[in-house]
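Trainee: here's my sequence, what's the structure:
(2 chains)
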Amino acid sequence: MSDAETYVTADGRTIGPPIMEMRDITLKFGGVTAISNISFDIREGEIRAIIGPNGAGKSSMLNVINGFYHPQEGEIWFRGKKRKPMKPYQIAQQGIARTFQNIALFKGMSTLDNIMTGRFTHMKTNIFWQALWKGPAEREEVENREIVEKVIDFLEIQAIRKTPVGALPYGLQKRVELGRALAAQPKLLLLDEPMAGMNVEEKEDMSRFILDVNDEFGTTIALIEHDMGVVMDISDRVVVLDYGKKIGDGTPDEVINNQDVIDAYLGVSHD
Amino acid sequence: MTLTKVLPDGLDTFPKLLARNAVQWANLPAYREKEYGIWQSWTWSQVSEEVNALAMGYVALGLNEGDHVAIIGRNRPYLYWAMLAAQAAGAIPVPLYQDANAEEMAYVLEHSGARFVIAEDQEQVDKVLEIKDQTPAVEQIIYFDKRGMRKYDHTNLNAYADVQAEGRAGHSRLEPVLTERQAKQDENSTCVMLYTSGTTGKPKGVVLSNTNIIASSISSSEFDTLTTNDSVLAYLPMAWVGDFIFSIGQSCWTGFCVACPESPETMQADLREIGPSYFFAPPRFFEGLLTTVMIRIEDASKMKRWLFHKYMDHAKRVGPDLLDGKPVSFGDRLKYRIGDLLIYGPLKNTLGLSKVRVGYTAGEAIGPEIFEFYRALGINLKQLYGQTEASVFITQQPDGEVRADTVGVPSPGVEIRIADNGEVLYRSLGTFVEYYKNPKSTAETKDAEGWVATGDAGFIEESSGHLRIIDRAKDVGKMADGSMFAPKFVENKLKFYPNILEAVVFGDGRDNCTAFINIDLGAVGNWAERNNVAYTSYQDLAAHPEVYGAIQAHIEEVNTSVAKDSMLSGCQISRFLVLHKELDADDGEMTRTRKVRRKVVGEKYADLIGALYDGSSKIATETEVTYEDGRKGFIKATLELRDVKMVAA
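Mentor: Just a heads-up that it's a prediction; the model follows:
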């Protein structure tokens, strides 16, 4: 990786300056320190993986990024500004969207309606117009529906447009969840174990979609993933956590040869 | 056969037909496609503009007269236009099967010498690039869907929209070229080249002239009185002659609208939304649909189930007669009307077949029960018999003379004759010109007087004048005792059971017949679910003793029915096994149109056939399988072989 502000990857994508910086983040739950003094950045246009063994603090980190947890110490800089403690919906408005480790969709609603909820932050008309339906509300619905339909087309889920998501297989539900995050047209997309519980074919499909999202829309992606093969294949840079500490940061090649990382994964005694 | 002028003046090529339509039906819809959840339509005048822009773009890219233009992708208006544009630019379209693997594609591209390839998306472009070394003639690739294509080297790669833009920009320079090229075309020019699916050996390029396609389209449109008000859903492979006749030939002639589904998976939903009036599907489609209906009825509440069976029984009794206009008593008519209100109407609506005025099935024999089911519902389903070499139509069933066991009377303008060896021969305006670069095969198939051998054995029923097909002529053999062996006859009877997806019968030159069976995972899986039978995979379910028992019962029933046929009673099945994998086109065991390649199966599973005849009760085997992406693997299995009761003739 080059230190220059902007560089071009081997496959022709442009990686910009950092869009988000985590500076000395510490997060505690009572006496338990989940994250201790961690700093790293996410550059514009890159695919950034966060990996680590169980309980390393990966999901906590993601929850800090999207404002669900407020760290006791440290600063978060997003697009050149220091971020004040915010509510998750305010962060969503800033252009950060995410998916969840355990699927969090509205099971009784159709795929289309679920993805439509991703447009929530972009809807401006008030309840009066919505109830009246005609006029601005209708116009807005059509505009947003168009964006949602493009997402459906992109993810190739036209056939399940009207199917209640509760009736879908797991792999497809994951795809719908990605669709909902994409519908928000985020600047930064956070994916919490997008491939957990999938078979090889589903993983390949999902990897393809993640790469395509990054490539087509230039979306910056930060993802947590357990499958090392996938992480090494698709990410530009990897940060490795273990017991709430950062033990490695760099390109997949650098990380895979890092002794601390090898120890953390293969297991050595901590004295 | 010498060709005198047979087509109407000024309407003897597709560019001329398109020009006529753009004026005559300027504002009528010509093509539709669902995109982003909405049906988009193009009128004939818009289509004409799009086609001409693309044709000019082709010329700007260097397409020559007489070139072959390969087209690969699923049914989309843009790809139909790509074919029409090739004709408009004086070239010949060659549609390919979109699910063909790289090797099959390489053969067709190499054989046709196509310089231009129109690919739908990245997936197809990748396949073409993969075989670049074997197909040096390919110069330009044009792709429609831009997704994922940004980083490719675009030296010889062009986006469809860019080619059109170039064509439009160079309008004043390029249009005279098109006019000049089109002026040279007439009814004898080649219209299209289609590759046969090839149950034996390599595919053959069937050259069809404008006369072939347009004359067939005219006579078949008249036969079923098709008009601009009709509509079709184009979902069958574009490389198949039927799709070319329906979606381009008949559509351009009668001006009806061709709708393309949003994606292959949404076909059923799109069918329902479009509600076509003219519908074609292979027997497999109707079988699959019926299986789904029956599965859902099994899962329905008691009341619904009772209602369904009560009224379906009635429909089966009087429905076909009503459809044929035969006399039916007032009480039965009334009951049918009530059934229509409660069951038939809603069911047809769900299936998307409410508006079907003319429905055809062809390609394989259809089970009488399946056929009767749809006719009982009031859907005018008929059979036709045809092949690529005939521009589809050889025989078809007229309204009122529809039966499950015949393929109908000769289509208008078709002459039929049975050769001494029982093979069906025909001659018509649709008869193909030649096999491309293959005079030997052409001579073997078509004689000097224009009679074409179909390769099917059949006879004309004296009482009705209808043609009946027995089997592929080359598959018909003799058993050791000299009696007739017609595998397809038995296989079709087996395949009529929902549990059996595919069957392959052996017995040529032997004492008795044996069979391989493929179970239908949908039907058998549903049965397993309802009966608490646990299974892990296709292989596991196929080997289940109860499944074997059910299949054995089916075969015994078939034996009883075969025994009644004096000519073919020797074809009863003595032993069978259920295969551990589905026969698959990717493994070369079937053609892309899903017809079994008997020889390949026979060679690949020689050990299993051996076991069927040596009396052993079990056999361990290992089979190579090819995955969709071309990787190979092995599956191992121990298969059970079972004896079946036979009936004395």
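Trainee: buried stuff in stretch A:162-176?
Mentor: Residues of stretch A:162-176 classed as buried by neighbour count (16 or more other Cβ atoms under 10 Å in any protein chain shown): A:164, A:165, A:168, A:171, A:172, A:173, A:174, A:175, A:176. Every C-beta, even on glycine, is put in place using the N, C-alpha and C of the backbone.
Trainee: the residue of the stretch 101-250 of chain B found nearest chain A: how many residues sit nearby?
Mentor: In the stretch 101-250 of chain B, no residue comes nearer to chain A than residue B:151, which is 5.0 Å away by Cβ to the nearest Cβ. For residue B:151, the tally of surrounding residues (other Cβ atoms under 10 Å in any protein chain shown) stands at 10.
Trainee: equivalent analysis for residue B:393, please.
Mentor: The local packing count at residue B:393 equals 27, with neighbours defined by other Cβ under 10 Å.
Trainee: ok, residue A:139 next?
Mentor: 12.
Trainee: got it, and residue B:536?
Mentor: Here the number of neighbours of residue B:536 (other Cβ under 10 Å) works out to 7.
Trainee: next one: residue B:523
Mentor: Neighbours around residue B:523, by other Cβ under 10 Å: 20.
Trainee: look up how far residue B:77 lies from the closest residue to chain B within the stretch 151-271 of chain A.
Mentor: Nearest to chain B, among the residues of the stretch 151-271 of chain A, is residue A:159, at 3.6 Å (Cβ to the nearest Cβ). Plainly put, residue A:159 is 20 Å away from residue B:77 if you go by Cβ to Cβ, to the nearest Å.
Trainee: what sits against the residue of the stretch 101-250 of chain B closest to chain A?
Mentor: By Cβ atoms under 8 Å, 6 or more residues apart in numbering or on different chains, the contact set of residue B:151 is A:11, A:12, A:215.
Trainee: next up, the contacts around residue 18.
Mentor: Looking at chain A here, since you left the chain open. When contacts are taken as Cβ under 8 Å, 6+ apart, residue A:18 is in contact with A:41, A:42, A:43, A:44, A:77.
Trainee: oops, I was thinking of chain B
Mentor: Counting by Cβ under 8 Å, 6+ apart, residue B:18 makes contact with B:44, B:47, B:48, B:51, B:84, B:88, B:252.
Trainee: again, only using 7 Å
Mentor: By Cβ atoms under 7 Å, 6 or more residues apart in numbering or on different chains, the residues touching residue B:18 are B:48, B:51, B:84, B:252.
Trainee: what mean pLDDT does whichever strand or helix holds it have?
Mentor: Element membership for residue B:18, per DSSP states H and E: helix B:14-24. Helix B:14-24 shows an average pLDDT of 97 in the prediction.
Trainee: and the following helix or strand past it, what other elements does it pack with?
Mentor: Moving toward the C-terminus from helix B:14-24, the first helix or strand encountered (DSSP H and E) is strand B:29-35. The elements that strand B:29-35 packs onto, with contact taken as 3 or more Cβ pairs under 7 Å, 6 or more residues apart in numbering or on different chains; DSSP states H and E, are strand B:38-43, helix B:44-61, helix B:77-88, strand B:257-260.
Trainee: what does chain A have sitting close to chain B?
Mentor: A:11, A:12, A:146, A:149, A:150, A:153, A:156, A:158, A:159, A:161, A:212, A:216 (Cβ under 7 Å from any Cβ of the partner chain).
Trainee: per-domain residue ranges of chain B.
Mentor: For chain B, whose domains are defined here by automatic domain parsing, the residue ranges read B:14-280, B:283-354, B:477-643.
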